[in-house]
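In: coords please:
(one chain, ligands or ions: 1)
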Amino acid sequence: MKIRLLVVATIATAFVSIGAMAGMMPPFGSKNDVSYAKNLWQKMEAKGLNSTPSNLYVGGPPHGKVREVLESKIDGKRVIVKRNYRGKNITVKKVAANRAKYLKSVTVMQKRKGYDPADADWFWVKYTPNGAIMKNKKGMSLAGKVAKGKPIGCIACHSAAPGGNFVFRDSGKTSGLGATVFLK
Ligand code: HEC
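Out: Numbers count the residues shown, from 1 in each chain. This is a model prediction of the structure:
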């Protein structure tokens, strides 16, 4: 009797630990996330998503003050690319004259069916202008489900976008902003 109880208790403990470990696995920044993001950047390059200008506009935090958004499909999946520009006394005019000087980051969402059903199936990534994957203060690469379950980060903030698809610019309320350029 006692042994059986011990066995049951041990198995139960094992399950709880596995569960805890799975819960501790960060939802972003893994090797797989990073290699997926690197591959995605190559495909963005090939498609011209890093070299085609869109319509610049000025927006609020946290993305760079001047921005532009492009959309396309990569491997049949919707991709939204946002270039974020920063700099002293920055204006749309200055950026238009020299994008490379002001580009600070490229934030990207790619729709991946079944990847994250609870949060509209987006893969999130933040690149430097050269395509390196940026990290948070803890040194975690910003690629994957960023930062699922946390009160701040891509997912938390974008969950507030009207329409439930986590895309602010789909709402139509952004019509005053620079229009998105669509690349076939
Ligand atoms: C604090 C809120 C907030 C956080 C955090 C945030 N965003 Fe955004 N994001 C916005 C808002 C608001 C817009 C709408 C466009 C604008 O204001 O320029 C936007 C727009 C975008 C767009 C264009 C599509 C859309 O939703 O309109 C992309 C792509 C994007 N963000 C990616 C990211 C990625 C990747 C991260 C995380 C690394 C991130 N964002 C973090 C608020 C946020």
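In: so how far is Asn89 from the residue nearest to Ala161 when sequence neighbours are not counted?
Out: Using Cβ to Cβ, 6 or more residues apart in numbering and skipping residues adjacent in sequence, the residue nearest Ala161 is Phe168, 4.4 Å away. Bear in mind the C-beta positions are built from the backbone N, C-alpha and C, glycine included. According to Cβ to Cβ, to the nearest Å, Phe168 and Asn89 sit 26 Å apart.
In: can you check Lys137 too?
Out: Taking Cβ to Cβ, one finds Lys137 at 28 Å from Asn89.
In: So in terms of bridging, what pairs with the residue nearest to the spatial centre of the chain?
Out: Centroid-nearest residue in the chain: Trp124, 2.1 Å away (criterion: Cα atoms, centre = their mean). Beta-bridge partners for Trp124, by DSSP bridges, are Met109, Gly144.
In: Could you pull out the helices in the chain for me?
Out: Under the criterion DSSP state H, the chain contains helices at 2-24, 31-47, 92-97, 99-102, 154-158.
In: Which of the ones you listed comes out lowest on mean pLDDT?
Out: Lowest mean pLDDT within the helices of the chain: helix 2-24, at a mean of 50.
In: Residue numbers of this protein in contact with the ligand?
Out: Within the chain, the positions near the ligand by Cβ under 6 Å from any ligand atom are 59, 62-63, 67, 69, 80, 82, 107-109, 124-126, 142, 146, 153-154, 157-158, 161, 167-169.
In: mind running it again at 8 Å?
Out: Counting by Cβ under 8 Å from any ligand atom, the chain comes close to the ligand at 57, 59-63, 67, 69, 80-82, 107-109, 124-126, 134, 142, 146, 152-154, 156-158, 160-161, 166-170, 174, 177.
In: Asn136: what's it in contact with?
Out: Asn136 makes contact with 142, 147 under the criterion Cβ atoms under 8 Å, 6 or more residues apart in numbering.
In: about what we covered before: more neighbours: which of Phe168 and Asn89?
Out: Between Phe168 and Asn89, counting by other Cβ atoms under 10 Å, Phe168 is the more crowded of the two (18 against 5).
In: was I right about the more buried one contacting Cys157?
Out: No - the pair Phe168 and Cys157 does not pass the contact test of Cβ atoms under 8 Å, sitting 9.1 Å apart.
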